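Engineer: What would the 3D arrangement of this be:
(2 chains)
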Amino acid sequence: MIKSIMLVGVGGQGTILASKILTLGLMEAGHDVKMSEIHGMSQRGGSVSSQVRYGKKVLSPVIEIGGADMLVAFEKMEALRWLNHLKKGGMAVVNDYEIESMPIIIGKIDYPEKINEELINKTNAKVIDAVSVAQELGNVKVMNMILLGVLIKSMNLTDIDWEKIIRENIKKKFIEINIKAINIGMTI
Amino acid sequence: MKKLMTGNEAVARGAYEAGVHYASAYPGTPSTEIMENTALYKEDIKAEWAPNEKVAMESAIGASVAGARSFTAMKHVGVNVAADPMFTFVYTGVNGGMVIITADEPGQHSSQNEQDNRNYARAAKMPLLEPSDSQECKDMMKVAFDISETFDTPVLFRMTTRVCHSKGIVTLEDRVNVPLKDYTKDATKYVVVPSIARQRRVKVENSMNLMKKYTEITPLNYTEINNKSVGVISSGCAFNFAKEVFGENASYLKLGFTNPLPKNLIKDFASKVDKIYIIEENDPIIEEFVQTLGIKCHGSDTFPYSGEMTSDVIRKSVFGETLESVDSETEKVIARPPTLCPGCPHRGIFYELGKRKNTFISGDIGCYSLGFAAPYNAMDIIIAMGASISMGHGAQHVFNMKEDNEMRVVSILGDSTFFHTGINSLLDVVYNGSNTINLILDNRITGMTGHQENPGSGYTLQGMPTKTIEIEPLVRACGIDHVRVIDPNILDEVNEAFDWAYDLDEPSVIITRFPCALKSFSPEDKEEFKGAFTEKCIIEADKCTGCRKCIKTGCPALSFDRKNRKAIIDPAQCVGCEVCLQVCPVEAITKEVK
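Structural biologist: Next up, the predicted model:
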C-alpha cells in the first residue's frame, strides 16, 4: 500500500527540510520512497509544496488530485489551495498561522476569514499553533519540526529513529532544538 | 550502497561513475543542481560555471576533443543559446564521449516557455535519451557516454522538472577509470570548412543509420506485457505517471532511447495490444512517428497539448474524472505570487522606477523579473537572457523616430545576465548609438537560481578564489562614457542617478552594487558591505499615521493592521535595508538600537 503525504506552505518556511527528514526516515525504515518538490522562482515567497510517497514500490513522485492520505499545511490559506489533493477521508494538519501574500499586503484584498472552520468542516483537520510552541522553544523556525512531529504521530511512524536522522542531517548547533521540536510535535 | 537522490544529484553521480573529467554549465532551473553536485567530486572532475550556455557547450566540446569524457548541462532555453556549436559538433563527432543535458520544463514552473527539446535531437540528428527517475538518471548517464563514443556523436540527454527535482533511491557504484584519450590532429574530422563538412555530413547519416539498428536492441527500450486490451507507449517521467494510472491493466512499451525511434519494436508492440495510448510530455513526437508507421493510436486527441502529464491529468483524459477528493470548492484562496525578498537590493530601484513617466522598461531574466508585478508595475517586456539591452536599443531607435517623442528606454538586467549575453548587446548600443539608460543590478551573485558564483563574484564553482571581473571598467571598455555606480538602498542616490541619465543624449550605464539579502557573504563582501543586514527597522506606532506609503514598497516584511490602522514590520523577516524608512513621510520608522 502506497501512502502519500503532501507538505505545503510558503517559500522559506522549511517545508523542504521537513520533507527531507521525513523521506530519509522512511528510507531507513525500509520503504521505497519518492519525493517531489519545485525549486526556483516560486521559492521567493510563493506557494510551495513537497510531496512524499512511500511503500513497497513507488512509481510516480507526484501526488495526484485526490491522492494524498495526509496534507500538512504550514500556512492555513495554503491548506485550502492544495485541498483538492487530499483524498476523501484523508487527514489534514494545519498550522494556525497566516502569512499575507502581496495582494493582501498592498491592500487589494483581505486575508480570508474562518479558514480553520472550513477545514475542520471538510476534513476534520487538526489545527495546531506551531508558532507559539516554537517560540517557547526559542526559535520560531523549528515550527517545521513540530509539524513534522505531528505528522509522524498521525501516520504511525513513531517507531523510526528520528533523532538519528536529525543528528545526521542538521547543522550541529540546531540539532538539540530540532529534536525537542519533533518530540513535542509527536505529543500534540 | 543506496542513497536518496534527486535526478540532478543522480546524473552528477552517473557522470562521476562514468569517468568524466570535465564539465561546464550555466545555471538555470531545473538544471542548476546538476553542476553543483558534479562540483563535489573535486578530486576527479573539473566542474565550472561558464558565463553562458554556449561557452559551456564549447568548453565541453574542447574537453572532449582533447580526450576527456565531458558533459554540459542547461535548462531548455539554454540549449537555444548553445545550439550553434551543438549542431556542428554532431558533424565532427567526439574524442572522449560527450553528453549534453537539457532540463525541460513541462508546465513552466520557472520558465518563460515550454519548448520540447526532443525536437533538437531530430533537427541536429543526434541520439536522445530520456530517463524517468533518479536511478535511470544515473544508469543512463553511463550508457550515454558509451553511445557517444561508439557512434562518434554527442548525446542529448533530456530531463524534465519532475525528473530533476524528484528524489528516489539510487544504488551507487564505483567510478570507472576512463583514462584521458590521446589527441590526434585530424583536420578531416574537426575542421568544418565546407569541403570537409560535406564529408562529415555523410558520417552523420551513417551514424544515424547504425543507431536505427541500435535503438531496436538497446535495453533502454523495453516492453512489459500485461493486460493486452490497452498498450501504453511512453517516455520520461510520463511513463511512471501512466503506470500509476493503468497499473497491470495495460501493457507498456517504455522508451528510454528516443532518437532514432525503434520502428520494429513499436510495430511488434502494436500488433500485440488492442488500443494504443501514446503518453509523452509536450510535443507529439513519438505519436507522429507511430502514425507514420500506419498504426492507429491515441495521443493528442486524448491528452492536453501542454503541461505535465501527471497521473491526474492522464486519469481525467482517459476515464473522465480524477480520484475522489475532499470537497475542495472554496472561494477563499488568494493568489500568492513570488515576491522580491525582504532586503532585496532591487526593491528601491523598482519602487522609484515605477513612478517615472514616459518610460519603456526593457527587462530580463532573473529575480528582477518580479519588478513587473504590483506594486511596482515597472516592466514593459521580458523575452530572454541578456535581451533587455538590445531590445531597449531597438525600441529607443523607433521611439526616437516618432514626432515629439518623450519616451525614454531603461534596460535592466543583473550582473550574471550581463556577463551571460548582455555585453554583446551593450556593444550594439554603443556602436549603433542609441541613447538608452542601462541598469546593471549587481547583487554580487547569480540570485534566482539559488546563489551561483559568476565572473564577477570572485570565486569559482569549486570554491577557488579567482580574478573578479569588475563591471564598471568592462562597461567603459565597451565604449560607454557615462557610468555611475550607486547604492540601490539609498533612494536619493537612485533618483539622482536617474535624473542624470534621463538628461543625457548618449547611452549611459548605472550599476547598482549591493549583495543579495540571502547571500552568504564572502570575506570580501564582509569587508565591503560591513554592517549590512545587521540591524532591523522598527515602527514607532504612535508616530505612524497609517498612510500606507511604506506598504507600497512591496516588502513582505511589512503589513498593515487594519484594526488599528498602523503599519507593522515583522522582525522575523526584516533585515533592515531601510527602503521603507526613507519612504515614511513622518519618520515613524527607525533603526533598532542594539
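
Engineer: in chain A, which segments are predicted with low confidence?
Structural biologist: Across chain A, the ranges flagged by pLDDT under 70 are A:39-43.

Engineer: Let me know the distance separating B:I551 from chain A.
Structural biologist: Distance of B:I551 to chain A, given as C-beta to the nearest C-beta, to the nearest Å: 6 Å. The way it works is simple: take the backbone N, C-alpha and C, and place the C-beta from them, glycine included.

Engineer: pLDDT score for the residue in the stretch 301-450 of chain B positioned nearest to chain A?
Structural biologist: Scanning the stretch 301-450 of chain B for proximity to chain A using C-beta to the nearest C-beta identifies B:L323 as nearest, at 3.2 Å. Predicted confidence (pLDDT) for B:L323: 97.

Engineer: Please name the nearest non-neighbouring residue to it.
Structural biologist: Of all residues not flanking B:L323 in the chain, A:G66 sits nearest, at 3.2 Å (C-beta to C-beta, 6 or more residues apart in numbering or on different chains).

Engineer: Hmm, B:R315 and the residue of the stretch 301-450 of chain B closest to chain A touching each other?
Structural biologist: Yes. At 7.0 Å, B:L323 and B:R315 qualify as touching, with contact defined as C-beta atoms under 8 Å.

Engineer: So these two - more neighbours on which side?
Structural biologist: Relative neighbour count places B:R315 above the other of B:L323 and B:R315, with 21 against 18, counting by other C-beta atoms under 10 Å in any protein chain shown.

Engineer: surely the more buried one meets B:T322?
Structural biologist: Yes. Using C-beta under 8 Å, B:R315 is in contact with B:T322, at 5.5 Å.

Engineer: Common neighbours of these two, please.
Structural biologist: Residues touching both B:R315 and B:T322 (C-beta atoms under 8 Å, 6 or more residues apart in numbering or on different chains): A:E64.

Engineer: Of all the residues in the longest helix seen in chain B, which ones are buried?
Structural biologist: Under DSSP state H, the helix in chain B containing the largest number of residues is helix B:194-217. By 16 or more other C-beta atoms under 10 Å in any protein chain shown, the buried positions in helix B:194-217 come out as B:196, B:200, B:203-204, B:207-208, B:211, B:214-216.

Engineer: Can you narrow the residues you listed down to the ones near chain A?
Structural biologist: With C-beta under 8 Å from any C-beta of the partner chain as the criterion, the buried residues of helix B:194-217 include none near chain A.

Engineer: Dump these to JSON lines, plus distance to A:G55.
Structural biologist: Compiled in JSON lines, the buried residues of helix B:194-217 are given as follows (distance: C-beta to C-beta, whole Å):
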{"residue": "B:I196", "distance to A:G55": "57"}
{"residue": "B:R200", "distance to A:G55": "51"}
{"residue": "B:K203", "distance to A:G55": "49"}
{"residue": "B:V204", "distance to A:G55": "46"}
{"residue": "B:S207", "distance to A:G55": "43"}
{"residue": "B:M208", "distance to A:G55": "42"}
{"residue": "B:M211", "distance to A:G55": "38"}
{"residue": "B:Y214", "distance to A:G55": "36"}
{"residue": "B:T215", "distance to A:G55": "34"}
{"residue": "B:E216", "distance to A:G55": "35"}
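
Engineer: between the residues you listed, which is closest to chain A?
Structural biologist: B:T215 (24.3 Å).

Engineer: wait, doesn't that closest one sit right on B:P260?
Structural biologist: Yes. Counting by C-beta under 8 Å, B:T215 touches B:P260, with 5.4 Å between them.

Engineer: So, low pLDDT: which residues of chain B?
Structural biologist: Along chain B, the model assigns pLDDT under 70 to residues B:594.

Engineer: Can you give me the domain assignment for it?
Structural biologist: Split into domains by automatic domain parsing, chain B comes to B:2-214, B:221-319, B:347-528, B:537-591.

Engineer: So which of these is the most surrounded?
Structural biologist: Greatest average neighbour count among the domains of chain B goes to domain B:2-214 (a mean of 22), per mean count of other C-beta atoms under 10 Å in any protein chain shown.

Engineer: from the chain's centre, how far out does it sit?
Structural biologist: Computed by C-alpha atoms, centre = their mean, to the nearest Å, the separation of domain B:2-214 from the middle of its chain amounts to 16 Å.

Engineer: gap between the two ends of that domain?
Structural biologist: End-to-end distance of domain B:2-214: 31 Å, with C-alpha to C-alpha, to the nearest Å as the criterion.

Engineer: Give me the contacts around the biggest helix by length in chain A.
Structural biologist: Scanning chain A for the helix with the most residues, using DSSP H, yields helix A:15-28. By C-beta under 8 Å, 6+ apart, the surrounding residues in contact with helix A:15-28 are A:5, A:7-9, A:33, A:35, A:37, A:48-52, A:54, A:74, A:144-145, A:147-148, A:151-152, A:157, A:160-162, A:164-166, A:168-170, A:182, B:2, B:4, B:167, B:169.

Engineer: Any of those buried? List them.
Structural biologist: For the contacts of helix A:15-28, a burial check counting by 16+ other C-beta under 10 Å picks out A:5, A:7-9, A:33, A:35, A:37, A:48-52, A:54, A:74, A:144-145, A:147-148, A:151-152, A:157, A:160, A:162, A:165-166, A:170, A:182, B:4, B:167, B:169.
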